[in-house]
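In: compute the structure for the input listed below.
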Amino acid sequence: MSVRSHRDEWLWSTLERLLQGEDLDALRDAEVGFWEGAVSRGLTTDDAIVSALSARFRMPIADLSEATLAAKNAVSEALARKYHVAPLRVTDTVLEIATANPNDLDCERALGFATGKSVRMLLASPSAIAERLDDCYRPEQVLERLMDATDEAEVQMLTDNEGSTADFDLGADKASARPIIKLVDHIISEGISLRASDIHLEVQEGAVQVTYRIDGVLRPNTTLPRAVGTPLVSRIKIMSGLDIADRLRPQDGRARVSINGRRIDLRVSTLPASTGEKVVIRILDTTASVLQLDTLGVQAEDLERLTQLINLREGIILVTGPTGSGKTTTLYAALKTIQQRGVNIVTVEDPVEYKLNGIVQVQVNEKAGLTFATALRSILRQDPDVVLVGEVRDRETAGIAIQASLTGHLVLSTLHTIDAASSVARLLDIGIESYKIGAALKGIVAQRLVRRLCASCKQVTDTPISPRMHRWIPRDSPLFKPVGCDDCAGTGYLGRLALMEVLVTTPEVERRISAGESAERIAEAARLGGMRSLWAAGIDHVISGLTDLDELLRVVEVPVLREETPQVSTRRSALTPAPNPAVRSGMGSGRHNVIGESRPSAPRSNASFAGGAFELVEDLIPVGGSALPKILLVEDEAPLRAVLRELLEREGFVVTEAADGISAMEEVDHAQPDAVILDLNIPRLDGFGVLTRLRARMQTSRLPVIVLTAVGDEDNEVRAFECGANDFLAKPFRARALAARLKAILKRELELVRR
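Out: Numbers count the residues shown, from 1 in each chain. Have a look, this model is predicted:
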């Protein structure tokens, strides 16, 4: 009996290492090749064979997704199919191909002769190469495969006025357009099922890329042949009422569809680009339920301040942030809370994103002359108690909104600014007078969204954080990282959390707004009134394990530290003593700092101490190059520590931190501070223990220490002074008072050194 000869006889020795004897005998009698026979019978897999060949021939495995259009153009379809290879990349001298037969010398010589280049082979399975060849040279077959895999019954899309979207005709031949209709339906329905907020369709050089924005991050989904780009865009234009013949100008349109009984609004935007029109579809689920304020993921402190604002009866409240930061969701949640008071609420929006029962919602229609300003004028004649203006875009709208807030209405609206204090500058730029803003504005909420770690798969990370993050995150805090599972589609994230910077207008904030002061000065007054930054809110989420540090850094910038700001000014205070090289040591740190100096960026303060004998000044640099005063801040509560650090750095100090008593003693030796701000109730070694140890050591016996404590009774105060404290301050305290006391203590120490 003769043995059948196969075209891939060279593969036999590799298969002998993968298969059992009886399986090998069965392959010998197969009508097909060894590779196809082994895989089709389930004896092994393509990946197993490719891996074995890669190890045997020491050849890399091809990544077919990285194939370029230039490589496809360099190799004709006839040659590629004859030798069953897929062109991958091409340079001036080298052509890379994917092959299932590394021994095919005829292929190498033929391609080298046809292209005039050296041929480099990479390994891939025959089935993968065949699919790639269809992608390159038969794109219509790719579309047919995609459509065959789509369940048409699950996609039932209806326009608002027309009926089935299948009634739309893309051209003269209606039958040929049906695959495109089905493709568009599939793309939109898949985006909705994946919780996407936007769908991006981008015509690239050799393909059409479909990308979904999920939880604020773009995720590539499908790559389609470039040939479907034009009919795909035309189909979407017809759905949204746009001109399919005009491909040279941007267009905006809308469509309303129904998917499995859910009514969805689509906002469509097209943009001409060098390779073809790009389309972005914003998905607005009008049937989605509106969240409650307490389900937005806001920190308790910020939620309390936000609730305080929406409980007001008049004034204007602004929510700021970039597009997609959740402003509308926050406003709707606020309206749902306000609605419980039994008031008349009217909104004017573009578009109406959610349907709210019991609330009158007006859709802007600029073509009909119904703008924000004209709608707002009519709304005020409808006896409203609360008015929501979708966005303040111009002076007219802003003026009417502020006038309404001054006449007894509560007005909610949005702005596009980077933080809360910048909203005032934006209103001034629009043309609103500062005194009107100060009188009407009750609060501003700056907002961002960060992705929430998937609770099913998140894990504690063992990767150390950057040293620069230690000032905000305690060294022993367990942090989490994303892993990925079926629940979160392998991303490690599921849903989003809100970060908020809530500015509540205090009398001082109102005074500074009315006086037309800068955003920095307004923010300073707001922080003294209790406002926390977006960064501080995010750090709380990181420490609590709801998100991770990388996600926070993706959304919010790290605050610029004062010591990183270039010092360019040379102004000096009249109180600053002349340079004295002899006065450069003492206070247990090996050096001493001149008092009365500050950083260039520190805001000017009129605060004085001891009847004007000591004044905080600005724009100064150390005399003779001496260092700025260094303060060790010992406090176990991270949020309070961050606030104190920011205050002290604004006043011209360099700040180091410790979260417990043992770390404080180590930091004293390492950083050699000029003074210590010490909380009494700290872990590992309390404040009294730290004081006792400092005074027992020669080098720190005179180190100035200000004690901060929440228990400001007489016993604690007496004991603190007995242990050697220089000053005692009970919480809560005034921020400027702490800075003034600290400078006064350092000044007294300087005078002692001089004597």
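
In: residue 14 contacts residue 51, correct?
Out: No: the pair residue 14 and residue 51 does not pass the contact test of Cβ atoms under 8 Å, sitting 10.2 Å apart. For every residue, glycine as well, the C-beta is placed using N, CA and C.

In: between those two, which one's more packed in?
Out: Comparing residue 14 with residue 51 by other Cβ atoms under 10 Å, the one with more neighbours is residue 14, at 18 against 14.

In: tell me the buried residues in the helix or strand in which that one is found?
Out: In the assignment (DSSP states H and E), residue 14 maps to helix 12-18. Residues of helix 12-18 classed as buried: 14, 15, 18 (neighbour count, 16 or more other Cβ atoms under 10 Å).

In: with stretch 180-196 instead?
Out: Neighbour-count burial for stretch 180-196 [16+ other Cβ under 10 Å]: 180-192, 196.

In: any chance of those residues in CSV, with secondary structure and pLDDT too?
Out: Conversion of these to CSV gives the following (DSSP: H, G, I helix; E, B strand; the rest coil; pLDDT from 0 to 100):
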residue, secondary structure, pLDDT
180, helix, 81
181, helix, 83
182, helix, 82
183, helix, 84
184, helix, 87
185, helix, 85
186, helix, 85
187, helix, 89
188, helix, 89
189, helix, 86
190, helix, 87
191, helix, 89
192, helix, 87
196, strand, 90
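
In: and which of those residues is nearest residue 530?
Out: Closest approach between the buried residues of stretch 180-196 and residue 530, by Cβ to Cβ: residue 196, at 37.3 Å.

In: tell me the phi and psi of the residue nearest the centre of the chain?
Out: Nearest residue to the geometric centre of the chain (Cα atoms, centre = their mean): residue 555, 2.7 Å. Torsion angles at residue 555 (phi, psi; degrees, to the nearest 10) stand at phi -100, psi -40.

In: residues in contact with it?
Out: 216, 448, 449, 450, 499, 538 (Cβ atoms under 8 Å, 6 or more residues apart in numbering).

In: next, the buried residues of stretch 53-68.
Out: 53, 54, 59, 62, 64, 67.

In: per-residue pLDDT, residue 33?
Out: pLDDT recorded at residue 33 is 75.

In: in this structure residue 36 contacts residue 126, no?
Out: Yes: with contact defined as Cβ under 8 Å, residue 36 reaches residue 126; the gap is 6.7 Å.

In: distance-wise, check residue 232 relative to residue 519.
Out: Residue 232 sits 45 Å away from residue 519, going by Cβ to Cβ, to the nearest Å.

In: neighbour count winner among those two?
Out: With neighbours defined as other Cβ under 10 Å, residue 232 and residue 519 compare such that residue 232 has more, 24 against 20.

In: that one and residue 69, how far apart?
Out: On the measure of Cβ to Cβ, residue 232 and residue 69 end up 19 Å apart.

In: one more: residue 315?
Out: Distance from residue 315 to residue 69, by Cβ to Cβ: 59 Å.

In: have a look at those two and say which one is more surrounded.
Out: Neighbour count, other Cβ under 10 Å: between residue 315 and residue 69, residue 315 has more, with 19 against 15.

In: per-residue pLDDT of residue 65, please?
Out: Reported pLDDT for residue 65: 79.

In: please apply the same query to residue 170.
Out: Looking at residue 170, the pLDDT reads 34.

In: cool, residue 596 as well?
Out: At residue 596, the pLDDT value in this model is 34.

In: cool, and residue 257?
Out: At residue 257, the model reports a pLDDT of 83.

In: show me where the stretch 1-150 of the chain has its helices.
Out: With helices called from DSSP state H, counting those that start in this stretch, the stretch 1-150 of the chain shows them at 12-18, 21-28, 34-40, 46-57, 69-74, 77-83, 105-115, 126-137, 139-148.

In: what's the answer for the stretch 351-500 of the chain, then?
Out: 372-379, 395-406, 422-430, 434-440.

In: run a quick neighbour tally on the nearest residue to residue 701 once chain neighbours are set aside.
Out: The spatially closest residue to residue 701, leaving aside those adjacent along the chain, is residue 695, at 5.6 Å (Cβ to Cβ, 6 or more residues apart in numbering). Per other Cβ under 10 Å, the neighbour tally for residue 695 reads 15.

In: residue 9 too?
Out: Applying other Cβ under 10 Å, we find 11 residues neighbouring residue 9.

In: residue 480 versus the closest residue to it other than its chain neighbours, what's the distance?
Out: Closest residue in space to residue 9, ignoring its immediate chain neighbours: residue 34 at 7.8 Å, by Cβ to Cβ, 6+ apart. Taking Cβ to Cβ as the measure, residue 34 falls 49 Å from residue 480.
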